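[1] the amino acid sequence is not available; the structure is as follows:
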């Protein structure tokens, strides 16, 4: 609940002025002169939040002190700050009755010497907003129970299922100076390899064209979640996003018992990505690697693989998992990169499945900015890099409500656990298949650096993966010398139909 200062009062006057221009009450705006019962306010909260989705609005409004028919300013005696229910403040009481707890704010201001109260309500997101267990909706200018209008309920659920995180608002009613202060707009043009416009209008037009900012109802600018998460100079300036900063943690040894270093990123993902990668790569120690029978000193993990996994963690996270953000954790024997959210495809199909992202606009813009690879090439590149450096295969797993990718440090084949050997064999078969080839004894020997005279070792690895059900024979009629293998998910008919192409 806020009592406005001069600058905020000016903004509110502009917003209320725009609302007064509406020809009549709409499904996302309601006018009252004076106090209404707290329960009715709660019902309006639900109805307006839900109806704003149906109307394609990001906000809904309930205004006191405006005459309903003429929209003239008449003033109000209603004071949200002085209204209590059983000793509890109105705003808190309403919040506890809402499910889910959609953000809303009361503003008290003075226009033409008369008191006006504005209740600003965020539109529903993912689920219809209920008050005291009941969802409401506006039918014209009337408040109705949502369940009594099944056609509206179906439409609302359809639209809620299509609502993207990127279109939400991270900061509203920001003037031009604040937009340029909060966003690293030079980085936006730099990453796109475009010249910086020589005037503010050109900058704002470009940012708006990519959905980084949007015009607000009162003529200023709203900074979208997409704009803030990618180009914030400081993510902590955006209260709804600051928990989504990337945490990098370095541990002593192979457990989380002792932390040596911990740091959180400050910048948006796009404008801070190269700094983040330089910071992570600076923490990765060098390692002596056996590659193609020669020893060389290399970073413990291929920088390209680390980059792809970090980018994937940023892009594919579920932003609606509260209190959690992407993490990069470094141990003596591995690096773990995790993000909130369960993946949209099975982890064992990361390499071959068509890419799916819950944040399509974010992913698309990140690709245009050159932060991540083209669609579908990221995991292929990770597996390929780990094979090239003859490192253990990456691990992809779901733990609770998060997705984790793990890169293991170099270890000789004789010290790999059985699960590591089977996973490496499976991912090698996947990589060969998506590049329109097959896994063979020879290709697996090259992957592990096994000498030709030790082909029996590769045969034992293949047998382990066959028995585990992760791979299968491509053609059961072929001779032992020419046996080829494919991942378990490749059907026989699919093999036969593509045999001429492979």
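    Nice, thanks for sending it over. The shown structure was predicted, so the numbers you read here are calculated from the model rather than taken from an experiment.
[2] quick one, what contacts residue 391?
    The contact partners of residue 391, by Cβ atoms under 8 Å, 6 or more residues apart in numbering, come to 289, 301-302, 407-410. Just so you know, the C-beta spots here come from the backbone N, C-alpha and C atoms, and that holds for glycine as well.
[3] give me the three-state assignment for it.
    coil (DSSP: H, G, I helix; E, B strand; the rest coil).
[4] measure it to residue 332 for me?
    15 Å (Cβ to Cβ, to the nearest Å).
[5] got it, and residue 409?
    8 Å.
[6] so where do the helices sit in the stretch 201-350 of the chain?
    In the stretch 201-350 of the chain, the helices defined using DSSP state H, counting those that start in this stretch lie at 225-231, 273-283, 303-315.
[7] what's the pLDDT at the residue nearest to residue 214 when sequence neighbours are not counted?
    Nearest residue to residue 214 in three dimensions, chain neighbours excluded: residue 222, at 4.8 Å (Cβ to Cβ, 6 or more residues apart in numbering). For residue 222, the pLDDT comes out at 92.
[8] for residue 222, what are its contacts?
    Here residue 222 is in contact with 58, 169, 171-174, 213-216 (criterion: Cβ under 8 Å, 6+ apart).
[9] tell me the most buried of the helices of the stretch 201-350 of the chain?
    helix 225-231 (a mean of 26; mean count of other Cβ atoms under 10 Å).
[10] show me what that one is packed against.
    Judged by 3 or more Cβ pairs under 8 Å, 6 or more residues apart in numbering; DSSP states H and E, the packing partners of helix 225-231 are strand 169-174, helix 185-191, helix 360-368.
[11] how far does the first one sit from its chain's centre?
    This points to strand 169-174. Here strand 169-174 is found 19 Å from its chain centre; the criterion is Cα atoms, centre = their mean, to the nearest Å.
[12] check stretch 30-43 too.
    Taking Cα atoms, centre = their mean, one finds stretch 30-43 lying 36 Å from the centre of the chain it belongs to.
[13] contacting residues around it?
    25, 44, 48, 61-68, 71, 74, 76-78, 83, 85, 90, 93-94, 97-98, 119, 131-132, 134, 136, 138, 141, 143.
[14] looking at those residues, which are in helices?
    If you go by DSSP state H, the contacts of stretch 30-43 have 44, 48, 90, 93-94, 97 in helices.
[15] considering these, which possesses the most neighbours?
    Ranked by the number of neighbours (other Cβ atoms under 10 Å), the ones in helices among the contacts of stretch 30-43 place residue 48 first, at 32 neighbours.
[16] run through the residues that contact that residue.
    Contacts of residue 48 (Cβ under 8 Å, 6+ apart): 27-30, 60-62, 121, 138.
[17] try it again at 6 Å.
    60, 121 (Cβ atoms under 6 Å, 6 or more residues apart in numbering).
[18] also the one 5 residues further on?
    With contacts defined as Cβ under 6 Å, 6+ apart, the neighbours of residue 53 are 123-124, 159.
[19] among these, name the buried ones.
    123-124 (16 or more other Cβ atoms under 10 Å).
[20] got a markdown table for the contacts of residue 53, with secondary structure, distance to residue 316 and pLDDT too?
    Shown next, in a markdown table, are the contacts of residue 53 (DSSP: H, G, I helix; E, B strand; the rest coil; distance: Cβ to Cβ, whole Å; pLDDT from 0 to 100):
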| residue | secondary structure | distance to residue 316 | pLDDT |
| --- | --- | --- | --- |
| 123 | coil | 25 | 89 |
| 124 | coil | 24 | 90 |
| 159 | helix | 23 | 88 |
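[21] before we move on, the earlier item: take the helices of the stretch 201-350 of the chain and write them to TSV, including mean pLDDT and distance to residue 15.
    Shown next, in TSV, are the helices of the stretch 201-350 of the chain (pLDDT from 0 to 100; distance: least, Cβ to Cβ, whole Å):
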stretch	mean pLDDT	distance to residue 15
helix 225-231	97	21
helix 273-283	95	36
helix 303-315	95	34
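[22] could you dump the ones you listed to CSV with distance to residue 399?
    Shown next, in CSV, are those (distance: least, Cβ to Cβ, whole Å):
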stretch, distance to residue 399
helix 225-231, 23
helix 273-283, 21
helix 303-315, 13
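[23] circling back: just give me the closest of the contacts of residue 222 to residue 114.
    Among these, residue 173 lies closest to residue 114 (Cβ to Cβ), at 21.8 Å.
[24] residue 12 falls within a helix, correct?
    Yes - counting by three-state DSSP, one finds residue 12 located in a helix.
[25] just use 34 as the starting number from now, easier for me
    Sure thing, new numbering starts at 34, so read that last one as residue 45.
[26] name the SS class of the residue lying closest to it once chain neighbours are set aside, please.
    Closest residue to residue 45 apart from its sequence neighbours, by Cβ to Cβ, 6+ apart: residue 142 at 4.8 Å. Recorded secondary structure, residue 142: strand (three-state DSSP).
[27] and residue 142, how many neighbours?
    For residue 142, using other Cβ under 10 Å, the count is 22.
[28] if I read this right, it contacts residue 44, doesn't it?
    No - the pair residue 142 and residue 44 fails to qualify as a contact (Cβ atoms under 6 Å) at a distance of 9.4 Å.
[29] now the helices for the stretch 434-535 of the chain?
    Counting by DSSP H, counting those that start in this stretch, one finds helices in the stretch 434-535 of the chain at the ranges 451-467, 474-481, 488-500, 525-531.
[30] relative to residue 522, how far out is the residue nearest to residue 45?
    For residue 142 relative to residue 522 (Cβ to Cβ), the value is 62 Å.
[31] residue 75 too?
    51 Å.
[32] who's more crowded, the two?
    residue 75 (22 against 16).
[33] that one - nearest residue in space that isn't next to it in sequence?
    residue 164 (4.1 Å).
[34] quick check: the one you found touching residue 82?
    No - using Cβ under 6 Å, residue 164 makes no contact with residue 82, being 9.4 Å away.
[35] tell me which of the helices of the stretch 434-535 of the chain sits most buried.
    Most buried among the helices of the stretch 434-535 of the chain, counting by mean count of other Cβ under 10 Å: helix 451-467, with a mean of 21.
[36] helices or strands up against that helix?
    When contacts are defined as 3 or more Cβ pairs under 6 Å, 6 or more residues apart in numbering; DSSP states H and E, helix 451-467 packs onto helix 488-500, strand 518-520.
[37] what's the spacing between the nearest residue to residue 270 once chain neighbours are set aside and residue 478?
    In space, and not counting its chain neighbours, residue 270 is closest to residue 215: 5.6 Å by Cβ to Cβ, 6+ apart. Relative to residue 478, residue 215 is positioned 55 Å away (Cβ to Cβ).
[38] residue 395 now?
    Per Cβ to Cβ, residue 395 is found 41 Å from residue 478.
[39] go on, residue 248?
    62 Å.
[40] over to residue 420?
    Between residue 420 and residue 478 the computed distance is 12 Å (Cβ to Cβ).
[41] what's the answer for residue 266, then?
    Residue 266 sits 51 Å away from residue 478, taking Cβ to Cβ as the criterion.
[42] kindly report the same for residue 363.
    The gap separating residue 363 from residue 478 is 31 Å, by Cβ to Cβ.
[43] three-state assignment of residue 49?
    helix.
[44] run a quick neighbour tally on it.
    Applying other Cβ under 10 Å, we find 23 residues neighbouring residue 49.
[45] repeat for residue 198
    Neighbours of residue 198 under the rule other Cβ under 10 Å: 19.
[46] cool, the one 10 residues further on as well?
    Close neighbours of residue 208, defined as other Cβ under 10 Å, add up to 15.
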